[in-house]
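Peer 1: task: produce atomic coordinates for the following.
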Amino acid sequence: MSFNKYLKISQEVQSALDEKKPVVALESTIISHGMPYPQNYETAKKVEDKVREYGAVPATIAILDGLIKVGLTEDDLLKLSGEGNILKASRRDIPVIVSEKLNAATTVSATMICAAMAGLKIFATGGIGGVHRKGNESFDISADLTELAQTNIAVVSAGVKSILDIGLTLEYLETLGVPVLGYGTDEFPAFYTRQSGFKVNYRLDTPGQIGSMIKTKWELGLNGGVIVANPIPEKFSMDKKIIDEAIENALKKADEKNVKGKDVTPFLLGEIKNITGGSSLDSNIKLVLNNAKLAAEISQFL
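Peer 2: You can find the predicted model right below:
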């Protein structure tokens, strides 16, 4: 493949692929743009440990010095955690970042692309992007959704970030033909909370059922991803009223400051963390670990 010269797969990940052992892709935006130091570094390590604990090899992905790295070293994680010049890469950004030999953390869409290049099948994240509130006016729609329509990677997430318009996001996913599975739930989770008021397409209750469905989809030649919606554990779920009020206040502040584009999500998450006294960050960490566990369990059946 012509892209192989831009791809560097760690020895641990490559050995697992050669031996057909399960591998779980992990994104890096949560490290560089989703949490402050040192929680970002500590969380990255815990997520990798959680994947190993449940029988799979973690493959954290980032672009460093223009190389797409699949499986990061300790130094790589520290660089992503502490440096201020780490860009945020979506699909559109990858060619420039690679050709200019820059450093970037990968979003959901970019992680999916890079994971597919490396031959991976499943990816764990916190929450996927979606249609922003007032998206019917601004057309602010995450590239994560269009990537899910065309790239064969299953994505385990705690739904979409509750700062988004969940109803419009699900409508858009339906248009794109992306299946939305609920793991042990009929209701689509809303990141910090287990409830959103919206239903998933199908409920499946075991990792084996989910793995079988994903394999069947691709064996039928139905390209594109699958969303596995995994609710945050009950004991870490936030009060819906409290988080909804925090989101409304954060959205107002974003409007006042005219925050746009890819800056919106990190700005809102930071504001919500401040408003909730840090409890939203704690919930964020717990749900990411929960998703890593489930992805590792599903990977055994792919």
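Peer 1: all helices of the stretch 201-302 of the chain, in order?
Peer 2: For the stretch 201-302 of the chain, the helices defined by DSSP state H, counting those that start in this stretch cover 207-219, 240-256, 264-275, 279-299.
Peer 1: between the second one and helix 279-299, how many degrees?
Peer 2: For helix 240-256 and helix 279-299, the angle between their directions (axes from the mean of the first three to the mean of the last three CA atoms, to 10 degrees) works out to 110 degrees.
Peer 1: so what's the residue minimising distance to the centre of the chain up against?
Peer 2: The structure's the chain has its C-alpha centroid closest to T125; by CA atoms, centre = their mean the separation is 3.0 Å. Contact analysis of T125 by CB atoms under 8 Å, 6 or more residues apart in numbering lists L26, E27, I30, V108, T111, V155, V156, S157, V288, N291. From N, CA and C alone the C-beta is placed, and that goes for glycine too.
Peer 1: what's the separation between it and L173?
Peer 2: Here the criterion is CB to CB, to the nearest Å. By it, T125 lies 15 Å from L173.
Peer 1: just A62 next, same as before
Peer 2: 26 Å.
Peer 1: what about the two, which has more around it?
Peer 2: Shown here are A62 and L173; by other CB atoms under 10 Å, A62 has more neighbours (28 against 23).
Peer 1: now that one: which helix or strand?
Peer 2: strand 57-64 (DSSP states H and E).
Peer 1: so which residues make contact with whatever helix or strand comes next after that strand?
Peer 2: Past strand 57-64, further along toward the C-terminus, the next helix or strand under DSSP H and E is strand 67-70. If you take CB under 8 Å, 6+ apart as the criterion, strand 67-70 is touched by 6-10, 13, 25, 59, 61-63, 76, 94, 98, 114-115, 117-118, 120.
Peer 1: enumerate the positions of strand 67-70 that are buried.
Peer 2: Neighbour counts over strand 67-70 (16 or more other CB atoms under 10 Å) mark I68, K69, V70 as buried.
Peer 1: repeat that for stretch 230-238.
Peer 2: N230, P231, I232, F236, S237, M238.
Peer 1: same list (these) but as CSV, adding pLDDT.
Peer 2: Below are those laid out as CSV (pLDDT from 0 to 100):
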residue, pLDDT
N230, 98
P231, 97
I232, 96
F236, 92
S237, 91
M238, 87
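Peer 1: can you pull out the strands in the stretch 101-250 of the chain?
Peer 2: 104-106, 122-124, 154-157, 180-183, 202-204, 226-229 (DSSP state E, counting those that start in this stretch).
Peer 1: list the contacts for the most far-flung residue of the chain relative to its centre?
Peer 2: Largest separation from the mean C-alpha position in the chain: E256, at 28.1 Å (CA atoms, centre = their mean). With contact set as CB under 8 Å, 6+ apart, E256 has no partners.
Peer 1: how much space separates it from F267?
Peer 2: 11 Å.
Peer 1: so, low pLDDT: which residues of the stretch 51-200 of the chain?
Peer 2: 134-138 (pLDDT under 70).
Peer 1: ok, 90 please
Peer 2: For the stretch 51-200 of the chain, applying pLDDT under 90 flags the ranges 83-85, 132-141, 161-164, 192, 195.
Peer 1: that one: helices as residue ranges?
Peer 2: According to DSSP H, counting those that start in this stretch, the helices that the stretch 51-200 of the chain contains are 74-82, 94-99, 108-117, 135-138, 143-150, 166-176.
Peer 1: could you export the ones you listed as CSV, including distance to Y41?
Peer 2: Formatted as CSV, those follow (distance: least, CB to CB, whole Å):
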stretch, distance to Y41
helix 74-82, 4
helix 94-99, 22
helix 108-117, 18
helix 135-138, 33
helix 143-150, 24
helix 166-176, 30
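Peer 1: which of the contacts of strand 67-70 are buried?
Peer 2: Buried residues within the contacts of strand 67-70, counting neighbours by 16+ other CB under 10 Å: 6, 9-10, 13, 25, 59, 61-63, 76, 94, 98, 114-115, 117-118, 120.
Peer 1: my read: A154 touches L294, true?
Peer 2: No - with contact defined as CB atoms under 8 Å, A154 does not reach L294; the gap is 10.6 Å.
Peer 1: more neighbours, those two?
Peer 2: Between A154 and L294, counted using other CB under 10 Å, A154 has the larger neighbour count: 29 against 22.
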